[in-house]
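1. what's the 3D shape of this:
(2 chains)
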Protein chains: 2
Amino acid sequence: MERLKWKVGNSLYPLPAVLISCGDLDGIKNIITVAWAGTIASDPAMVSISVRPERYSHGLIMKNKSFVINLAAKKLIYALDWCGVKSGRDFDKFKTMKLTAIKAQKVSAPLIKESPINIECAVKDIKHYGSHDVFLSEVIAVNADPSFMNVKTGKFDFMKCRPICFCHGNYYEVGKHLGNFGFSVRKK
Amino acid sequence: MERLKWKVGNSLYPLPAVLISCGDLDGIKNIITVAWAGTIASDPAMVSISVRPERYSHGLIMKNKSFVINLAAKKLIYALDWCGVKSGRDFDKFKTMKLTAIKAQKVSAPLIKESPINIECAVKDIKHYGSHDVFLSEVIAVNADPSFMNVKTGKFDFMKCRPICFCHGNYYEVGKHLGNFGFSVRKK
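-> Numbers count the residues shown, from 1 in each chain, chains lettered A, B, ... in the order given. Purely as a prediction, here's the structure:
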């Protein structure tokens, strides 16, 4: 069968769906949900997030040139969706979603305590591409919820967090394990 | 409990794990697996992928300033892992993995026929960040395998492809559906 030629559009999935906190812990702060987020370098560890210029969070990120990526988890699915459709101009999202703002190590923006992992980021470059501004950013601190530490292995149990991914307008759990990196060449 | 302060590093997950095809259909061509990939804008549809400068595919992408993102799927898990650890300097990856190179609409690189969705991309900007070069790119054509069309709904059945995500060195299936975008504010 011939390939279908689709209308040009976003079709790279699955993507992470994460809560971005921004602003100042003791001042104006906000949360925005983004799926246009990804890792762009390993050393230094770098990420990008994209935000529309008209969003309330855009100005807060521009002001401080920093933000926090808070990973989502199944228990946060309602807040994850709600923070993506409502505006911080109309709501105190921390209060309405009963999320706890706690002090970060290095940035002014708060961490979301209910998130399993909080990644503090410093903006290095901004690119403007039509609908979105892309914040190319360095990871400057990482915080984790100790309750996800596996006491047997001493390792963080990432799957216990119940992480969420986003595909074509839908949220999904991460499912069955298929293998680890390098399995195809490892000697048995 | 206090937050754990982690060593700074990559901790944004889940991420897509995809097969990048590059080069020329009728000349030198290659496949590289990346998880450092994401969507960066909606209009125009734009994506980024990051590739280490020492990788064989890096030179092929630089030469043509274009590439194809081929989404992975459960049936491609072995090729997905293998193409990430082996080099195109040593292997014809299409031949070794029994993957079929077919003609793209707009770029010189081939599509991988066994992939459910092939996204043709034109590089717009390149940023150099330590370990990786980031190719900020516009989506210029999208191709899909017609066998994933749901004949009842007339829509592409994304979950039927069995898409793959990457978390902390492991590959996973996309799992249980948790809701669709906007569910938290939709009237019942």
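2. leaving out sequence neighbours, find the closest residue to A:Lys29.
-> A:Gly23 (3.8 Å; Cβ to Cβ, 6 or more residues apart in numbering or on different chains). Just so you know, the C-beta spots here come from the backbone N, C-alpha and C atoms, and that holds for glycine as well.
3. please tell me I have it right and that neighbour contacts A:Ala101.
-> No. Contact criterion Cβ atoms under 8 Å: A:Gly23 and A:Ala101 do not qualify, at 9.5 Å.
4. the more surrounded of those two?
-> Taking other Cβ atoms under 10 Å in any protein chain shown, A:Gly23 and A:Ala101 do not tie; A:Gly23 has more neighbours (24 against 20).
5. so what's that one up against?
-> Counting by Cβ atoms under 8 Å, 6 or more residues apart in numbering or on different chains, A:Gly23 makes contact with A:29-30, A:57, A:60, A:63-64, A:108-110.
6. again, but for A:Asn10
-> B:39, B:42, B:45, B:139.
7. for it, give its distance to A:Pro53.
-> Distance of A:Asn10 to A:Pro53, computed by Cβ to Cβ, to the nearest Å: 18 Å.
8. and the strands in chain A?
-> Assigned by DSSP state E, the strands in chain A fall at A:4-6, A:15-16, A:18-23, A:29-34, A:37-42, A:45-51, A:66-71, A:101-102, A:111-112, A:117-129, A:132-144, A:164-167, A:170-180.
9. and the fifth one, which strands flank it?
-> Yep, that's strand A:37-42 we're talking about. strand A:45-51 (antiparallel) (DSSP bridges).
10. hang on, A:Trp82 packs against A:Met97?
-> Yes. When contacts are counted by Cβ under 8 Å, A:Trp82 is listed as touching A:Met97 (6.3 Å).
11. and stretch A:109-122, which residues are buried?
-> A:109-112, A:114-122 (16 or more other Cβ atoms under 10 Å in any protein chain shown).
12. from those, which are also near chain B?
-> The subset of these within reach of chain B, counting by Cβ under 8 Å from any Cβ of the partner chain, consists of A:111, A:117-119.
13. low-confidence stretches in chain A?
-> Of all residues in chain A, none has pLDDT under 70.
14. again, 80 this time
-> Residue ranges of chain A with pLDDT under 80: A:1, A:188.
15. can you pull the contacts of the residue nearest to A:Phe158 when sequence neighbours are not counted?
-> Spatial nearest neighbour of A:Phe158, excluding adjacent residues (Cβ to Cβ, 6+ apart): B:His168 at 5.0 Å. In this structure, B:His168 makes contact with A:158, B:11, B:13, judged by Cβ under 8 Å, 6+ apart.
16. of the contacts of A:Asn10, which pair is most distant in space?
-> The distance between the two most remote of the contacts of A:Asn10 (Cβ to Cβ) is 10.3 Å, for B:Ser42 and B:Val139.
17. the more surrounded of those two?
-> Taking neighbours as other Cβ under 10 Å, B:Ser42 and B:Val139 compare with B:Val139 leading, 22 against 16.
18. ok, the more buried one - contacts?
-> Contacts for B:Val139 (Cβ under 8 Å, 6+ apart) come out as A:8-11, B:44-47, B:119-121.
19. rebuild those residues as JSON lines, extending it with distance to A:Val18.
-> Shown next, in JSON lines, are the contacts of B:Val139 (distance: Cβ to Cβ, whole Å):
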{"residue": "A:Val8", "distance to A:Val18": "26"}
{"residue": "A:Gly9", "distance to A:Val18": "22"}
{"residue": "A:Asn10", "distance to A:Val18": "17"}
{"residue": "A:Ser11", "distance to A:Val18": "20"}
{"residue": "B:Pro44", "distance to A:Val18": "23"}
{"residue": "B:Ala45", "distance to A:Val18": "20"}
{"residue": "B:Met46", "distance to A:Val18": "19"}
{"residue": "B:Val47", "distance to A:Val18": "17"}
{"residue": "B:Ile119", "distance to A:Val18": "22"}
{"residue": "B:Glu120", "distance to A:Val18": "27"}
{"residue": "B:Cys121", "distance to A:Val18": "23"}
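20. what about the residue nearest to A:Arg162 when sequence neighbours are not counted, how many neighbours?
-> With Cβ to Cβ, 6+ apart as the criterion, A:Arg162 has its nearest non-adjacent residue at 3.6 Å, and that residue is A:Lys74. Residues near A:Lys74, counting by other Cβ under 10 Å, number 15.
21. quick check: A:Lys74 vs B:Asn10, distance?
-> 22 Å.
22. and the residue nearest to A:Lys86 when sequence neighbours are not counted, how many neighbours does it have?
-> Among residues not flanking A:Lys86 along the chain, A:Lys93 sits closest, at 6.9 Å (Cβ to Cβ, 6+ apart). The number of residues packed near A:Lys93 is 25, by other Cβ under 10 Å.
23. contact partners for A:Lys93?
-> By Cβ under 8 Å, 6+ apart, the contact list for A:Lys93 reads A:30-31, A:82-83, A:86, A:99.
24. thank you, goodbye.
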